[in-house]
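here is the input, now give the coordinates:
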Amino acid sequence: MKRFALVPVMLLAALILVIGAGPALSAEKASDLKPLMGDNFGKMQVILVNMITANYKGLPERIEEIRDHARAISAMSPNSVKTDTDRKMFTNYAFTMERHAENMLTVLRELIKHDQAQASPEVMNIDYLRVVAARHYGELVTTCVLCHNQFRRKSVK
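Below is the predicted model of the structure:
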């Protein structure tokens, strides 16, 4: 009989531990966001310069990392996410970032193939693939700004 009386007490103790660990786990997840975002920010600048100069070496790897970071970010949330609606919005931003990175990667790989087959390498070949890749790049940046405006309202210092 005494053994059964301990079960509710043990369940209550476990529940208190889990609830008490919740904010700590949330803070830990939130602290993991900053390095990923900072790394993405640094990559965005390099991607922009390389897109403008048609220097595609290393870009697929950088974009793959941004895509992978977006996947990881979708499982995290900053401390400013307080409601289920906020969580859904944050996850949507991460998913949007992932999709634009994936789409940009697809277009960029085709653009690299296309540029390698160019007859006159000294002539910049302007075509729709560059425009499509640039659009996805712009959408990546826009997604970063939207998310920061919503969830990091204090200016970054």
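
mean confidence for the one helix or strand Tyr93 maps to?
Here Tyr93, judged by DSSP states H and E, is contained in helix 84-116. Mean pLDDT, computed over helix 84-116, is 91.

run through the neighbouring helices and strands of it.
helix 59-73, helix 128-151 (3 or more CB pairs under 8 Å, 6 or more residues apart in numbering; DSSP states H and E). (Glycine included, C-beta is placed from N, CA and C.)

okay, and the helix or strand of the chain with the least pLDDT?
The least trusted helix or strand in the chain, going by mean pLDDT, DSSP states H and E, turns out to be helix 2-52, with a mean of 52.

please identify the most buried of the helices and strands packed on helix 84-116.
helix 59-73 (a mean of 18; mean count of other CB atoms under 10 Å).

state the distance from Arg130 to Val81.
Applying CB to CB, to the nearest Å, the value for Arg130 to Val81 is 36 Å.

again, but for Arg109
34 Å.

what does stretch 94-110 rub up against?
56, 59-60, 63-64, 66-67, 70-71, 73-74, 129, 132-133, 136-137, 139-140, 143-144, 147 (CB atoms under 8 Å, 6 or more residues apart in numbering).

re the thing from before, okay, buried residues for the helix holding Tyr93 please.
89-91, 93-94, 96-105, 107-108, 111, 115 (16 or more other CB atoms under 10 Å).
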